[in-house]
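Q: need coordinates for the below:
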Amino acid sequence: MTGVNTISGAPTRTPWHLWLVGVVAVLFNAIGVFDFVMSMTQGAAYMKSAGMTPEQIAHYQQMPAWMTIDWAIGVFGALLGSVLILLRHKLAWPVLAVSLAAFLLSLAYTYVLTDGGKIMGQSMAIMSAVIAGLLAFFIGYAWWMTRRGVLR
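A: Below you'll find the model as predicted:
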């Protein structure tokens, strides 16, 4: 499978690492979608089974509607952007960028607008850093593949 290099105009082969990064991105971001769907459909029972404390569950259940919408945009956007990498579509990086922006807004809500940082604890802060780092990597990778003409 080939694309066209946007710099030289020459045909560009799809590199093997696109499939690796795309599959890892889909699998990783599917976890976020699963967590969202289970949290919305099973509520406190799911959150408790995931090891959350009553205070953490209460924090999630007290989120305003706009935060639930933001959360949905973040996780479904990340999954869609990951699928777009596998489909070799150039919209992958902007969709992933919107997902990262939604995630950063959720962090602002948790750590600035509420006492969620204290409630969620250090392990959630570490997990948030990992998520943000991976999203930034996926955005950078998709942008690079777009510049090389692989994503079109």
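Q: CA atoms for contacts and neighbours, from now on please.
A: OK.
Q: tell me the secondary structure at the residue minimising distance to the centre of the chain.
A: When the chain is reduced to its mean C-alpha position, the closest residue under CA atoms, centre = their mean turns out to be Ala78, at 3.7 Å. The three-state label for Ala78, taken from DSSP: H, G, I helix; E, B strand; the rest coil, comes out as helix.
Q: show me the contacts for it.
A: Ala78 makes contacts with 29, 95-96, 99-100, 135, as judged by CA atoms under 8 Å, 6 or more residues apart in numbering.
Q: now Met40
A: The contact partners of Met40, by CA under 8 Å, 6+ apart, come to none.
Q: which of the contacts of Ala78 ranks first by neighbour count?
A: Taking other CA atoms under 10 Å as the neighbour criterion, Leu96 ranks highest of these with 30 neighbours.
Q: relative to Ile119, how far out is it?
A: In this structure, Leu96 and Ile119 are separated by 28 Å, where distance is defined by CA to CA, to the nearest Å.
Q: ok, now Val75?
A: 22 Å.
Q: compare these two (neighbour count), which wins?
A: Shown here are Val75 and Ile119; by other CA under 10 Å, Val75 has more neighbours (25 against 18).
Q: the more buried one reaches Ala25, doesn't it?
A: No - taking CA atoms under 8 Å as the contact criterion, Val75 and Ala25 are not neighbours in contact, 11.7 Å apart.
Q: surely Ala44 and Gln56 touch.
A: No - taking contact to mean CA under 8 Å, the distance of 9.9 Å between Ala44 and Gln56 leaves them out of contact.
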